[in-house]
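**Q** I need the structure of the sequence given here:
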Amino acid sequence: MSTTKYQIQFQKGLGLPKFIKDFGTEEQCERYLIELKWGRRFKCPKCGQHHASAFRRRGRPYFQCSVCRHQTSLTAGTLFHGSHLPLTTWFLALYLVSEAKTQLSSLELHRLIHVNHKTAWLMLHKIMQVMVNAEQARKLTGRIEMDDAYLGGKRSGGKSGRGAAGKQPFLAAIQTSDDDKPHYRPHYAKIAPVKGFSLEEVELWTRNNITKGSHVVSDALQCFKGVESTCSHEVHTANKMTEAQKKKHFQWVNTVLSNVKTGLTGAFHSFDCSKYSFRYLGAVVYRFNRRFNLDLIFLDLVEDISGSPPINIHSIRL
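**A** Have a look, this model is predicted:
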C-alpha cells in the first residue's frame with residue numbers, strides 16, 4: 001500500500017515551467033485548440049467542407065469556408081464562446097483548477113489570474129460544470145464502499161444534527177478492487193448530493209451511478225436498503241465494529257469523505273450548499289478519477305472544455 005500511495009502522491013504532474021513553455025502565448029493556445037477542434041483539416045460547421053481562408057478580427061482567429069463562405073471563430077460553439085478574455089487567461093485558469101491539490105476558490109482564482117471576482121466566479125463554475133458533465137456517464141462497478149454525509153454546519157441559533165437547516169446531504173461511493181489481498185485499492189469515485197436519506201432517494205442514486213449487479217458495502221443506515229433493487233448488499237454496523245474492521249470495510253470512502261470536507265471547508269468560507277454543492281463535489285470526483293495521471297489532467301480538461309457547448313450565467317445560477 002505504501003508503494004501505491006507513494007506513486008500517486010509524489011507524481012510530478014504538469015509543472016508550471018512546462019505549462020508556460022507550451023501554453024504561455026496566445027498563438028500556442030490557439031494552435032492547441034485548432035488541433036482539438038479540427039485536427040489536421042478544417043471542417044466547416046455549416047456545409048462540412050474542408051477548405052477555408054483564415055483571418056483575424058479584433059485579434060481573434062476566424063475562418064471563412066471557401067465553398068459556402070460561412071465564417072466561424074475558433075471559440076464558436078465552445079465554452080470560450082463570447083468570452084473577451086485572452087485564451088492565455090483561460091488556459092491559466094484551467095491549469096490552476098486542474099492542478100489544485102484540494103479546491104481553488106473563486107477569490108483565489110481572481111487574485112491569481114487578475115480578473116475581477118465576478119468573472120473569476122463565473123469562470124470557476126463553468127469549468128466545474130464541464131467537470132460534472134465529463135463524469136456524468138461514468139458508473140461504478142464491482143465492490144463499492146458507500147456512505148452518507150453532509151455539507152454545511154450548524155448555523156448561529158440553529159439546531160445541530162441531521163435535521164439542521166443549511167445542511168446538504170450527499171452520497172459518496174468508491175469503487176475498489178474486488179480482492180482484499182493484501183488490501184482493497186480505490187479506483188473511481190461518485191459523489192453527488194441527494195434530496196435526503198430515504199430508501200427511494202438512495203435507490204434512484206444507485207440506479208444512476210452504480211452498475212446493476214455490483215456489490216455495495218455500507219453501514220446499517222436504513223436508507224441503504226435502496227441499493228438492493230439492483231445490487232448485492234453487505235451491511236456492517238459501525239458501532240459494533242473494531243477499528244481494524246472499519247478500516248477494512250470503509251477505509252477508502254472514509255478517507256475520501258474526510259478529504260472532501262477538509263478541502264471544501266479549507267478553501268471556501270461559505271457557498272450555497274443546496275444550490276452549488278453538486279459542482280464542487282463534481283470537481284473533486286473529476287480530479288480523483290484522474291489522479292493516476294496528474295500530468296494529463298490539464299490536457300483532459302482543455303479537451304473537455306473545447307468540446308463543451310457554451311454555458312451562460314443563467315444556466316449556471318439555475
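**Q** residue ranges with poor pLDDT in the stretch 1-150 of the chain?
**A** 1-11 (pLDDT under 70).
**Q** For it, which segments are assigned as strands?
**A** 52-57, 60-65, 71-73, 143-151 (DSSP state E, counting those that start in this stretch).
**Q** just the angle between the second one and strand 52-57, please?
**A** Relative orientation of strand 60-65 and strand 52-57, computed by axes from the mean of the first three to the mean of the last three CA atoms, to 10 degrees: 150 degrees.
**Q** what's in contact with strand 60-65?
**A** 30, 34, 42, 44, 46-47, 49, 51-56, 70-75 (CB atoms under 8 Å, 6 or more residues apart in numbering). Using the backbone N, CA and C atoms, a C-beta is placed for each residue, glycine as well.
**Q** at 10 Å instead, please
**A** Under the criterion CB atoms under 10 Å, 6 or more residues apart in numbering, residues 26-27, 30-31, 33-34, 38, 42-56, 70-76, 84, 86-87 lie in contact with strand 60-65.
**Q** if we can go back for a sec, looking at the strands of the stretch 1-150 of the chain, which is buried most?
**A** Of the strands of the stretch 1-150 of the chain, the one with the most neighbours on average (mean count of other CB atoms under 10 Å) is strand 143-151, at a mean of 22.
**Q** right, and the helix or strand after that one?
**A** Using DSSP states H and E, the helix or strand that follows strand 143-151 in sequence is strand 168-176.
**Q** Please identify the pairing partners of that next one and their relative orientation?
**A** Strand 168-176 pairs in its sheet with strand 143-151 (antiparallel), strand 186-193 (antiparallel), by DSSP bridges.
**Q** related to what we said a few turns ago, output the strands of the stretch 1-150 of the chain in JSON lines, with distance to Ser198 appended to each entry.
**A** JSON lines is the format used below for the strands of the stretch 1-150 of the chain (distance: least, CB to CB, whole Å):
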{"stretch": "strand 52-57", "distance to Ser198": "55"}
{"stretch": "strand 60-65", "distance to Ser198": "51"}
{"stretch": "strand 71-73", "distance to Ser198": "48"}
{"stretch": "strand 143-151", "distance to Ser198": "11"}
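**Q** Looking at these, spot the one closest to Cys223.
**A** strand 143-151 (7.5 Å; CB to CB).
**Q** chain center to that closest one, what's the gap?
**A** 17 Å (CA atoms, centre = their mean, to the nearest Å).
**Q** and what of stretch 142-151?
**A** 17 Å.
**Q** now Leu85, nearest residue through space, not along the chain?
**A** Val115 (6.9 Å; CB to CB, 6 or more residues apart in numbering).
**Q** are any of the contacts of strand 60-65 buried, and which?
**A** 26, 30, 33-34, 42, 44, 52, 71-72, 74-75, 87 (16 or more other CB atoms under 10 Å).
**Q** Max pairwise distance over the residues you listed: which two?
**A** Glu26 and Cys44 (23.9 Å).
**Q** Would you mind measuring from the residue of the chain most remote from its centre to Ile34?
**A** Using CA atoms, centre = their mean, the residue of the chain lying farthest from its centre is Val67. It sits 40.3 Å away. Applying CB to CB, to the nearest Å, the value for Val67 to Ile34 is 19 Å.
**Q** What's the end-to-end length of stretch 306-318?
**A** 23 Å (CA to CA, to the nearest Å).
**Q** err, stretch 56-75, not the other one
**A** 13 Å.
**Q** what does stretch 98-118 give?
**A** 20 Å.
**Q** again, but for stretch 104-120
**A** For stretch 104-120, the end-to-end distance is 11 Å (CA to CA).
**Q** Which parts of it count as buried, going by neighbours?
**A** Within stretch 104-120, the residues scored as buried using 16+ other CB under 10 Å are 104-106, 108-110, 113, 115, 119-120.
**Q** same deal with stretch 119-131?
**A** 119-131.
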